[in-house]
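Engineer: Below: sequence and its predicted model.
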Amino acid sequence: MIATICRCSRTPGRPRLIAAMLLCLLGTLATSLPAQEALEPRLQIGINLLPAIIAANKAVISSPADTELSIYLVYDTNRYLAEQLQLRLARLGSIRKHRLLITALPLESLLETEPGNQGSVFIVEPFDDRLDELIDFARQRRTLLFSPFVGDVERGVNAGFQVTDKVLPMVNMESLKQSKIQLKAFFLRVAVKHE
């Protein structure tokens, strides 16, 4: 229908004006779609860094190759965003020859699970008021807890990252110790350590 309007127009430049208006409208709609949330830089960096941190976990390294690794993408209200990150992680297929079982779920459902020693949790949305509860959950179950959000590692999350002139992994040494999670020495050498 738009092409018909453009062909019928006898005013010079009108088809270009209509096309420009449509492009502006599409650009406006695209920036308001929920899919754009997955493009938030801290989430992108975090989801790209997560496999390296999981691969540095000594429990993962020492487990048999056919062991399945559980990765939980925990969210508060934005299920769609968690599912987009789930699809992105699923493209990996495996970490250190371990198959991945990736699940997007709300915090309440996560708190009812038993992730096991090789389990990992990625925080999809900030949990300001309930972060301590999530940290306690991860420590009790010896689960690696990763957050892309500023200040979470300092509050007790096991791992995240710091951005200066480059991106560096960041770990909370006390939280790792309490969770009984050991990361490889080479990884700890390059990571920013919060004591």
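Structural biologist: Yep, it's here. All of these numbers come straight from a predicted model, not from anything done at the bench.

Engineer: which residues touch stretch 71-88?
Structural biologist: Residues lying outside stretch 71-88 but in contact with it, judged by CB atoms under 8 Å, 6 or more residues apart in numbering, are 34-35, 37-38, 43, 47, 50, 54, 89, 100-107, 110, 113, 115, 119-127, 134. All C-beta atoms are positioned from the backbone trio N, CA, C, and that covers glycine.

Engineer: just the buried members of those?
Structural biologist: For the contacts of stretch 71-88, a burial check counting by 16 or more other CB atoms under 10 Å picks out 38, 43, 47, 50, 54, 89, 100, 102, 104-105, 107, 110, 113, 115, 119-125, 127, 134.

Engineer: Packing partners of the strand ranked longest in the chain?
Structural biologist: With DSSP state E setting the assignment, residue counts place strand 98-106 as the longest strand in the chain. Where contact means 3 or more CB pairs under 8 Å, 6 or more residues apart in numbering; DSSP states H and E, strand 98-106 is packed against strand 69-75, helix 79-90.

Engineer: which residue is nearest the centroid of this structure?
Structural biologist: Of all residues in the chain, the one closest to the mean position by CA atoms, centre = their mean is I47, 3.9 Å from it.

Engineer: Distance of that residue relative to E40?
Structural biologist: Using CB to CB, to the nearest Å, one gets 10 Å for the distance from I47 to E40.

Engineer: in what helix or strand does I53 lie?
Structural biologist: helix 41-55 (DSSP states H and E).

Engineer: downstream neighbour of that helix in the secondary structure list?
Structural biologist: Beyond helix 41-55 in the direction of the C-terminus, DSSP H and E gives the next helix or strand as helix 58-62.
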